[in-house]
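[1] one predicted model, sequence on top.
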Amino acid sequence: MVYGGNVKNSVKLKVLSTLVLMSAGWLAGCKSAPDLTQAQAQSMIQAKYDKDPGVTFNISVNDRGMQQGVHANYWLGKTRYPNGYWADFKLTPDGEKVLKLPAGGDIIQWRPDGPAAPNYAIVVVPLALTHLKARSLGDVDSLADSKTVTYMEDVVLDSMPAPLQAIAQNPGNKLSTQRMATFTLANGAWTLQSIQ
């Protein structure tokens, strides 16, 4: 009986040793995913933006913007209506070089609901495409097999002439949007999968 007990213990010890060695080999074969830093994430997002040809940024033009447009010689008053606050404006040749109207043509129909309608605006479309810039990245979070980061996406107005940039900075224009980027592992390195 004593002899048989030693054999059983010896077999158990060999099985346990084999399991430990197999586990060690398996763990050594597993590589942990590399870290993804904010700087790396921002670099990948910005590289995507820089590669894109640019985006159309529609400008909302309020009452102040209309005055700035007249001062910049982008449009001139053509018709004033009896109520005193409706008017038609015609795009000038200078205006047609930098913007167009969404519906086409060259006449802006200014039709606010009253003489003091602070939220009334029309839309113009710059001919120059704008680019985007990523800034203010938050913490990089893990989500299943991917990583996510929230950040602010800014519209870069540098491609527009200064007077049009000034109009675009008036209230009613959204120059920054919060976005979330998702990254996945590909061949052992993090890659940008999507931006929402």
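    The structure has been received and is ready for your questions.

[2] distance-wise, check the residue nearest to the spatial centre of the chain relative to residue 53.
    By C-alpha atoms, centre = their mean, the chain has its centre lying nearest to residue 153, at 4.0 Å. If you measure residue 153 against residue 53 using C-beta to C-beta, to the nearest Å, the figure is 16 Å. Placement of C-beta: from N, CA and C, glycine included.

[3] show me the helices in the protein, by range?
    2-29, 38-51, 63-71, 93-98, 162-168 (DSSP state H).

[4] could you give the mean pLDDT of the longest one?
    On average, the pLDDT along helix 2-29 is 48.

[5] likewise the shortest one?
    This predicted structure assigns helix 93-98 an average pLDDT of 97.

[6] repeat for the last one
    What helix 162-168 shows for mean pLDDT is 97.

[7] which parts of that helix are buried?
    Using 16 or more other C-beta atoms under 10 Å as the test for burial, helix 162-168 gives 163, 164, 166, 167, 168.

[8] what sits against the nearest residue to residue 46 once chain neighbours are set aside?
    Counting by C-beta to C-beta, 6 or more residues apart in numbering, the nearest residue to residue 46 once its immediate chain neighbours are dropped is residue 134, at 5.2 Å. Contacts for residue 134 (C-beta atoms under 8 Å, 6 or more residues apart in numbering) come out as 42, 45, 46, 49, 151, 152, 153, 154, 179.

[9] can you list the weak-confidence ranges in the protein?
    Within the chain, the stretches falling below the threshold (pLDDT under 70) are 1-32.

[10] before I go, just wanted to say thanks for your time.
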